[in-house]
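In: need a 3D model of the sequence below.
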Amino acid sequence: MLQDTVFKEISSYLKCQPEDISLDTRLDELGIDSLGAITIMYELEDRLDVEIPNEAFGSLKIVNDIVSQLEQLLENKNP
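Out: The predicted structure is shown next:
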């Protein structure tokens, strides 16, 4: 499931457990700044074989924003 993949990538970046993350968790509460979000998204790009447009990075505030953005990209990739 995509959500699990995102949680695993964030937890790997933060060196924490995926259970410590929820869809409503704010990235700044996790200590993820804009550079951290970009790093996580690039890892997810590679893992999921999608290309995330640069303008998408500015709208990432909570974990669900990442999941939603990736869901949309994957739907457009595989209609």
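In: please, which helix or strand holds the residue nearest to the spatial centre of the chain?
Out: With the centre of the chain defined as its mean C-alpha position, the nearest residue by CA atoms, centre = their mean is residue 66, 3.8 Å away. Residue 66 is located in helix 63-77, with elements delineated by DSSP states H and E.
In: rewinding a little: measure the residue nearest to the centre of the chain to residue 33 for me?
Out: 14 Å (CB to CB, to the nearest Å). C-beta: built from backbone N, CA, C; applies to glycine.
In: quick one, helices of the chain?
Out: Along the chain, counting by DSSP state H, helices occupy 2-14, 34-48, 63-77.
In: what helices and strands are in contact with the shortest one?
Out: Using 3 or more CB pairs under 8 Å, 6 or more residues apart in numbering; DSSP states H and E, the elements in contact with helix 2-14 are helix 34-48, helix 63-77.
In: would you mind extracting the C-alpha trace of it into PDB?
Out: Output of helix 2-14 as PDB, limited to C-alpha atoms (Å, rounded to 0.1, in the frame of the first residue of the first chain):
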ATOM      1  CA  LEU A   2       1.300   3.500  -0.900                       C
ATOM      2  CA  GLN A   3       0.700   4.800   2.600                       C
ATOM      3  CA  ASP A   4       3.000   2.100   4.000                       C
ATOM      4  CA  THR A   5       5.700   2.900   1.500                       C
ATOM      5  CA  VAL A   6       5.600   6.600   2.400                       C
ATOM      6  CA  PHE A   7       5.600   5.800   6.200                       C
ATOM      7  CA  LYS A   8       8.600   3.500   5.700                       C
ATOM      8  CA  GLU A   9      10.500   6.200   3.700                       C
ATOM      9  CA  ILE A  10       9.900   8.900   6.300                       C
ATOM     10  CA  SER A  11      10.800   6.600   9.200                       C
ATOM     11  CA  SER A  12      14.000   5.600   7.400                       C
ATOM     12  CA  TYR A  13      14.900   9.300   6.900                       C
ATOM     13  CA  LEU A  14      14.100  10.100  10.500                       C
END
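In: now the angle from that helix to helix 34-48?
Out: Angle of helix 2-14 versus helix 34-48, following axes from the mean of the first three to the mean of the last three CA atoms, to 10 degrees, is 130 degrees.
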